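J.: Predicted structure and sequence below. I'll ask about it afterward.
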2 protein chains.
Amino acid sequence: MGSFQQAMQRSGLKRTKQRECVYNVLEKADVPINAEQIYKELLSESINLSTVYRILESFVEKDIAIKATLGQSVTAIYELNRQEHKHHLICAECHSIVAISGCPLEQYVEDLSKTTHYQILEHKLEITGICPRCQAKHGK
Amino acid sequence: MGSFQQAMQRSGLKRTKQRECVYNVLEKADVPINAEQIYKELLSESINLSTVYRILESFVEKDIAIKATLGQSVTAIYELNRQEHKHHLICAECHSIVAISGCPLEQYVEDLSKTTHYQILEHKLEITGICPRCQAKHGK
DNA sequence: TATGCAAATGCAAATTATTTGCAAATATTA
DNA sequence: TAATATTTGCAAATAATTTGCATTTGCATA
Ligand SMILES: [Mn+2]
Ligand SMILES: [Mn+2]
Ligand SMILES: [Zn+2]
Ligand SMILES: [Zn+2]
């Protein structure tokens, strides 16, 4: 059984053509993407943009996908919840995103929980820099 | 000379009543706030909301303020650039924000720069949890 | 101090991102 | 296959931000 079917089954969401399309787009993306990008990928399927939003909302609700915003951007982005903790490196020039695996914060977060008495749920680390390609463009 | 005047002088922005109002609101806020919140603080001054946005934009441009988005929120927030590196702890329930000082990532970021060949400019760490007050509300 | 002008502001309208109401279509279950 | 709750499309609403343009203001200079 495909992972889409599994996700629908576990969550109790109905297995619709539109949800499958959105799921597939998310599945093949290796970095978070926004609703508009998903919509454009699916122009040939003529799925409505508000349906895309509703599907994303339902996926987030069911923990099938993760919603976030990055940097100064004011647009929400989504990725499949692959249950693996990762962080992102964003190019300040070309806005490309690469995922970085491994977390340097495990111990820190544990300590922080003790000192602040917060019950820590998750954390997000975004690192901004200039990617090698954009550095090259600047000559030198 | 007040720090507002200094900021205007260094940046070359004109010293207007509206800019001073926005600056003062940012100065007395200890966590990032959004344009609407600033606007409401300044209702008595009857400054226009688009002016607030334009002022914030100019402050960010001149590095007087920092713009960001947090968590899943789609609204930009702003804080005075106090030149001190800090991170934020956000309550998942009441959405309160507290600043945490000290950075556990200095060495990590340096290493990352070497392995990825990115020129690292900055990073943002957001930690989400449940604050002691909200934990208490849930009883036990 | 008065004048000139670029920069900044107010106001209304435009844009962008997202959400909602409602009627029609569809998936699931019996 | 029928019953029904869910989902979708479409148009309109809302929220956040941006823009055009006429008017006002800060600041440099005469
Ligand atoms: Mn981590
Ligand atoms: Mn840090
Ligand atoms: Zn780049
Ligand atoms: Zn709280």
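T.: It's in. Ligands and ions are numbered 1, 2, ... in the order given.
J.: quick one, what contacts residue A:45?
T.: Taking C-beta atoms under 8 Å, 6 or more residues apart in numbering or on different chains, we find residue A:45 in contact with A:17, A:18, A:21. Where C-beta positions appear, they are placed from N, C-alpha and C, glycine not excepted.
J.: Please identify which of those residues is nearest to residue A:56.
T.: residue A:18 (11.2 Å; C-beta to C-beta).
J.: what's the pLDDT at that closest one?
T.: Looking at residue A:18, its pLDDT reads 97.
J.: gap between it and ligand 3?
T.: Between residue A:18 and ligand 3 the computed distance is 34 Å (C-beta to the ion, to the nearest Å).
J.: separation between the closest residue in space to that residue that isn't next to it in sequence and residue B:20?
T.: For residue A:18, ignoring the flanking residues on the chain, the nearest one in space by C-beta to C-beta, 6 or more residues apart in numbering or on different chains is residue A:47 at 4.9 Å. Distance, residue A:47 to residue B:20, using C-beta to C-beta, to the nearest Å: 50 Å.
J.: Between these two, tell me which one has more neighbours.
T.: Between residue A:47 and residue B:20, counted using other C-beta atoms under 10 Å in any protein chain shown, the more crowded position is residue A:47 (20 against 17).
J.: didn't that one look like it was pressed against residue A:21?
T.: Yes. Counting by C-beta atoms under 8 Å, residue A:21 is a contact partner of residue A:47 at 6.1 Å.
J.: Model confidence for the residue nearest to residue A:65 when sequence neighbours are not counted, exactly?
T.: Excluding the flanking residues, the one nearest residue A:65 by C-beta to C-beta, 6+ apart is residue A:59, at 3.8 Å. Residue A:59 carries a pLDDT value of 97.
J.: element containing residue A:59?
T.: Element membership of residue A:59 [criterion: DSSP states H and E] is helix A:49-61.
J.: So is that helix next to DNA strand C?
T.: Yes. Helix A:49-61 lies within reach of DNA strand C by C-beta under 7 Å from any atom of the strand, at A:49, A:50, A:53, A:54, A:57.
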